[in-house]
Each structure stands twice: as structure tokens, then as C-alpha cells.
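# Predicted model follows, preceded by the sequence.
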Amino acid sequence: MTLRYAAALVFTFTFTASCFGAQAAEAQAQPPAQAPQKVLRMFLSTSETGLDPAMASDNATLSLLENLFDPLLRYDYLARPAKLRPNTASAMPQVSADGLTYTFRIRPGIYFTPDPAFKGVKREVTAADYVYSLGRLRDPSLRSPWSYLVEGKQLEAVDRYTLRIRLAAPDNNFLFYLATPATGVVAREVIDAYPGQAGNHPVGTGPFMVKEWKRSDRIVLLANPYSTAVFHATPGDDPEDRAIAAALEGKRLPRVDRIDVKIAEEFQGRMLGFLNGEYDYLEQIPESMTEMVVRDGALKPELAARGIVLSRFPVLQTYYMWMNMNDPVVGGYGKDKVALRRAISMSYNSAQDIALLKKGFAIKAESPLPPNVLGYDPAYRSPVPYDPALANALLDRYGYDQRDADGFRRAPGGKPLTLTMHSEATVGGRLRDELWRKCLNAIGLRVVFKSDKKTEIIKASRLGTVQMFESNWIADFPDGDNFYQLLYGPNAGRANYARFNLPEYNVRYERARLLSDGAERNKLYVEMNQLIHAYNPWVPLTHVLSSDLRHPWLKNYKRHPVEFTTWRYLDVDVAQRARSARAKR
């Protein structure tokens, strides 16, 4: 889900005192000499885009935004299943009996990081700032991908610290929305000071602030000196959870002084960087690199001897291959186009994908929903099997029976037929290309691959110029609605890259949105699944079981099922890191 500017537009930003005045001057302040800086070393797997909460929708940028900007609520670090806590709100909101009015009290004493836009005044966050920030999401000139979060919501600053939000209809996921990076608070003065460039001037209240930014290469974050966040959490019975809670309870966040973030798009570079100690942890071992660190399902002994820890985590993530319903080759709702997409779906060999590409660390996706999301039904099975023979028969029946001299099928009426699938220009992307080539060729379909940066592919997808692409979605919040909205007609051009727009699906989605998790909503979800399988705008692929690695000097680490990062909670044992570095020499 990442965006990137074309190469001709890529340029470098370095935040210095000359361009950010007081903000950069404060950012360059060093801790006392006797206290060595605690530096967290991290990477992002794709390039970031502009750091504007209203605009970004890619994982890399969202990872940064949730550390720079503050939503009203955040998730409890340790509670499972996922649970919300107050963040800038002093408590969870008061909710009216009809479920339509939410009243929040903003915690006094929260300040934006300094910026020349404030003209030397220390700028406190107020309820009016949230009215402005949330209102930006529905500004038609911004075309925010998050506008649906605030549609039908009336925003009111009752007084300096009281925010009231009225809903046009009950929304069971509304509080989840208020924990997303998109709802982080921004200051009108900053947005106005940099017209059209707010994403290049991130000024927030989050646990960190930007010191340096070399676009698509390196980002340095410093602990926000104004941060008033204090750790509270609800640990379960797990001993590691209790140890984290004991270490952090009541302490100010963040725990490190600085984060050095690099952009590492190649799998091998990420893995080697971690093994060399350049990164403190690595989430989701790249599929093609698994054998470097895992043997017989366990961490290799030589790595365990270094104190490296391997943990497994069920990600709230679905991999899927979508097809553009407006595309003249694969799109449309006629029987011949439905048959083509159904055959493509039946050609997909999930067993080979899981064994060869995911190295066994995945399960087959039967629907859009991954396990542990509200609404997931472990008993549900897709009615679309892996069956190349049946796929061939289906294509023959619906007019794709004519063949070229090389054996590839022609479209009904004898027109040439070539599928075009976009793919990422990475080792993993090339491996997926070969699997899809094998699957599609087995049913007589010619396919060509157009490789590009994922950021560019997503840009083109939103414009409707991509025919087919294998993508994935990680939950913004742990509810089935967050996945089924990916196929809701009005979301076409936003998260609905397939541009699927079926009235029967839309009406069920709208009804399901009004229901809480339970039998009535689950029945609608089954019906929506059946419509997806009938028209095949998606080929559901896999749900990943992530294998994560961390070094022994990293403290308080626990993967969260929803939030992109846990940086604000992490600590670094500087002495242990130094000892490990000396031992490698």
C-alpha cells in the first residue's frame, strides 16, 4: 500500500535549524555526556511518502505517522484481544444512550513540537485542533483515502478541551477509527504556512519528532521533549507481558532518545543488515531468506547462541490478487468475463505458494478475513477450488477455446488475449511472477509482467490503469469491516483497487456496518463471501504467519496485532549492544 513519487520528482529533505528554526534547534540538543544516547536502529521495507496524516495510506508512511502525530486513542500495548486506551483524551468518551454522540475531554498540557508557523509561541492542543484535523479528511480538494472515517460525523469543540462528535447513524467501529494515524492531530497554522506541502513539514505531538529526512533513504527521529505520554497497560498471564508491564508501568514515553530509520527495499539487505546488528529487530523474515536463519522450523543454533530470539506472530493480514473490474480484458460482469476471472482463480496453486514462497509460514485464505479479526469464521471454505482441468473446461465453454499457434488462448471472437500483471521489482516479486506464470500458462493464458516500485503501482491502481496485481492488506483495526470495505463500490479508486461495484454486495456491506459482531452480521459476511467467489474480483491467496527476529539488547518488544510499530515502548541496553559488537570482531 505504498506510494512513491516518480524519479524525476524525488528530492531530498534535510531538516536543519535554517529551515525549521526552533524545532531543529531543540532536535539537535544532546543528552548529558555521562548518559549515552539510546538509539533504536530500524528499517522500512518501502519508501515513505509525504508525512501528512490525511493523505498517506502506505505502511511505511503510516509507521512514521503513528510516531509523529497523536490520535485521541491508542491501543493497549499488552491487552489481547486488542483493546483501546485513552491517548490525548483524558478518558474513554462518554457515549449517549442512542450511540450517536461521543464526548471526549482532551488532556491539558499537550503541545505541538516547535515550528516557525507558531511564531515563537508554545502551542497547546485543543478540541478545536481535532475538529480541524478530522475535518480535513473530508476536504474534497485533498481526496483523502480516509474520508470514509468521518463521513456523516458532526464535529464540535464545546470548549477548549471538550470535543463532541455526533454520528448520523451508529457505527460500531467508530472508536477504532480514532486510533488510526489518519486521525492524528495537526495544527491549522502549520498547514496554512506550507500550502500544498504539509506532508514535507510534519509537526505533531507524538512521541517522536523529525530531525533529518533524506527522502527514500534515511529518516532520523528524536524523542519529543514535550511528550507527556505515560505507560499504562493490561498484561495477560504471559510472563513476558508481565515483565514488560513491570519495566514500563508509570514511565514516560518514549524510552529511547533517537531512532535511525533506513529504507531497505531488498530482502537480502534487510536480512544481512539485521544479522550484522545494523537493525535491532526484523519483522516477517523474507520468504526467500528463511533458510538463512531457520532450520527444521527453529532458529539455527549459531544464531540462538548470539542471543537472537525467533518468535511467530499471526498477522492480521490477507494477501490477494485483484483484477480491475473496469479493465477491457479482465473486467466486467458478463458471463464470459466472470468465467475468465473464475478460471484465473481456479488456476492459483495455494499449496505451492505456501510451500515454495511462504516457506510454510502461511495458511490458505478462504475469504478476505484473516484469523483473529472479528467476524472470521474458521469453518468457512471457499467454493472456488484449485482445479486447472475445470478452469480449462470453463474457458472452453465461454468462448476462449480458440488458440494461437503457440497454444495460448484467444478471447471470444478470436481476438488476441494477453493478461498484464504488475509486479514489484524485487526478488520476491520475481518469484511470485514465476508462480503466476506457471499457474496461468497451465490453463492456456498468456501473461506478461510489468515490474515497478510498489509505490508507483499503487498510484496507478488508484487511477484505474492497472489490470491485475498481487497485493496485501493489514488491518487498520481488528474488525471484519476493515477488510470487506476493500470491495465496497463507493471505495473504488481508494482502497477498492479492483473497482468492484456490485449492488448486491454493497447493500449487504451497508447493512453489516450497522451491526456489531454476531450471528446476524456473520450471515451477511457469508453472503458477501459468496458474491466475491461468484464474480471473482479477487483471488484470496494467503494469511501470513510472521517469523520475527530480535537482538538480545532490545527490551520491551512485543508485536502488536494492529499498530504498525511499537517504537515508543522499546528500550535499548547500550552496554549489551556494545558487548555483542565486540564479540563479533
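Ah, there it is. Numbers count the residues shown, from 1 in each chain.

# wait, residue 300 sits on residue 290?
No. Between residue 300 and residue 290 there is no contact under CB atoms under 8 Å: 10.9 Å. (C-beta placed from N, C-alpha, C; glycine too.)

# On the three-state scheme, residue 471 is what?
With DSSP: H, G, I helix; E, B strand; the rest coil as the basis, residue 471 sits in strand.

# quick one: it from residue 87, how far?
Counting by CB to CB, to the nearest Å, the gap from residue 471 to residue 87 is 30 Å.

# Also residue 557?
Counting by CB to CB - residue 557 and residue 87 are separated by 21 Å.

# same deal with residue 326?
40 Å.

# and stretch 331-348, which residues are buried?
The neighbour-count check on stretch 331-348 (16 or more other CB atoms under 10 Å) flags 331-332, 337-348 as buried.

# Quick check: most distant residue from the centroid of this structure.
residue 405 (44.5 Å; CA atoms, centre = their mean).

# Residue 416 versus that one, what's the distance?
As judged by CB to CB, residue 405 and residue 416 stand 12 Å apart.

# Scan the chain for its longest helix.
helix 519-535 (DSSP state H).

# tell me the mean pLDDT for that helix?
Confidence over helix 519-535 (mean pLDDT, whole number) is 98.

# Equivalent analysis for stretch 226-240, please.
Across stretch 226-240, the average pLDDT comes to 94.

# which residues are in contact with it?
76-80, 83, 85, 87, 107, 109-113, 205-207, 241-242, 244-245, 248-254, 558, 568-569 (CB atoms under 8 Å, 6 or more residues apart in numbering).

# Let's see the distance spanning that stretch from one end to the other.
Terminal residues of stretch 226-240 lie 30 Å apart, using CA to CA, to the nearest Å.

# Centre of the chain to it, how far?
The chain centroid and the centroid of stretch 226-240 are separated by 23 Å under CA atoms, centre = their mean, to the nearest Å.

# Please apply the same query to stretch 137-146.
Centroid displacement of stretch 137-146 relative to its chain, using CA atoms, centre = their mean, is 19 Å.

# hey, C-alpha coordinates of that stretch in PDB?
The C-alpha coordinates for stretch 137-146 follow below in PDB (Å, rounded to 0.1, in the frame of the first residue of the first chain):
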ATOM      1  CA  LEU A 137     -10.200  14.100   6.000                       C
ATOM      2  CA  ARG A 138     -13.400  15.100   4.100                       C
ATOM      3  CA  ASP A 139     -11.900  18.100   2.300                       C
ATOM      4  CA  PRO A 140     -12.700  17.300  -1.400                       C
ATOM      5  CA  SER A 141      -9.600  19.100  -2.500                       C
ATOM      6  CA  LEU A 142      -7.400  16.700  -0.600                       C
ATOM      7  CA  ARG A 143      -9.000  13.500  -1.900                       C
ATOM      8  CA  SER A 144      -8.000  11.800   1.400                       C
ATOM      9  CA  PRO A 145      -8.200   8.000   1.300                       C
ATOM     10  CA  TRP A 146      -9.600   8.200   4.900                       C
END
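
# now the strands for the stretch 151-300 of the chain?
Shown for the stretch 151-300 of the chain, the strands assigned by DSSP state E, counting those that start in this stretch span residues 153-159, 162-167, 208-214, 218-223, 258-263, 281-282, 294-295, 298-299.

# Reformat the ones you listed as CSV; add distance to residue 452.
Formatted as CSV, the strands of the stretch 151-300 of the chain follow (distance: least, CB to CB, whole Å):
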stretch, distance to residue 452
strand 153-159, 37
strand 162-167, 40
strand 208-214, 22
strand 218-223, 23
strand 258-263, 16
strand 281-282, 25
strand 294-295, 31
strand 298-299, 35
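
# which one is residue 463 nearest to, not counting chain neighbours?
Spatially, and ignoring its direct neighbours in sequence, residue 463 is nearest to residue 493 (7.8 Å; CB to CB, 6 or more residues apart in numbering).

# Hmm, residue 464 and the one you found touching each other?
Yes. Contact criterion CB under 8 Å: residue 493 and residue 464 qualify, at 6.8 Å.

# what residues are shared contacts of these two?
Contact criterion CB under 8 Å, 6+ apart; residues bridging residue 493 and residue 464 by contacting each: residue 499.

# What about the nearest residue to residue 205 once chain neighbours are set aside, how many residues nearby?
Leaving aside its sequence neighbours, residue 205 sits nearest to residue 70 (CB to CB, 6+ apart; 4.6 Å). Number of residues near residue 70 (other CB atoms under 10 Å) recorded here: 30.

# Tell me the confidence at residue 70?
At residue 70, pLDDT is 98.

# Identify the single longest strand in the protein, thanks.
Longest strand in the chain, counting residues (DSSP state E): strand 538-550.

# Point out the other helices and strands that that strand packs with.
Judged by 3 or more CB pairs under 8 Å, 6 or more residues apart in numbering; DSSP states H and E, strand 538-550 is in contact with strand 281-282, strand 309-314, strand 317-323, strand 362-364.

# ok, that strand: who's next to it in the sheet?
When pairing is defined by DSSP bridges, strand 538-550 lines up against strand 281-282 (antiparallel), strand 309-314 (antiparallel), strand 317-323 (antiparallel), strand 362-364 (antiparallel).

# chain center to whichever helix or strand comes after that strand: distance?
Using DSSP states H and E, the helix or strand that follows strand 538-550 in sequence is strand 554-555. Centre-to-centre, strand 554-555 and its host chain are 24 Å apart (CA atoms, centre = their mean).

# same for strand 554-555, what does it pack against?
For strand 554-555, the packing partners by 3+ CB pairs under 8 Å, 6+ apart are strand 571-572.

# Residues contacting the strand it packs on, please?
With CB under 8 Å, 6+ apart as the test, strand 571-572 has contacts from 38-40, 247, 255-256, 280, 553-556.

# For the helix or strand following that strand, buried residues please.
The first helix or strand that comes after strand 571-572 along the chain, using DSSP H and E, is helix 574-584. Buried residues in helix 574-584, counted by 16+ other CB under 10 Å: 577, 580.

# who's in contact with helix 574-584?
With CB under 8 Å, 6+ apart as the test, helix 574-584 has contacts from 36-38, 277, 306-307, 551-553.

# Out of the residues you listed, who's the most crowded?
The most neighbours of any of the contacts of helix 574-584, using other CB under 10 Å, belong to residue 551, which has 23 neighbours.

# Spatially nearest residue to it (excluding sequence neighbours)?
Leaving aside its chain neighbours, residue 551 sits nearest to residue 280 (5.5 Å; criterion: CB to CB, 6+ apart).

# No more questions from me, cheers.
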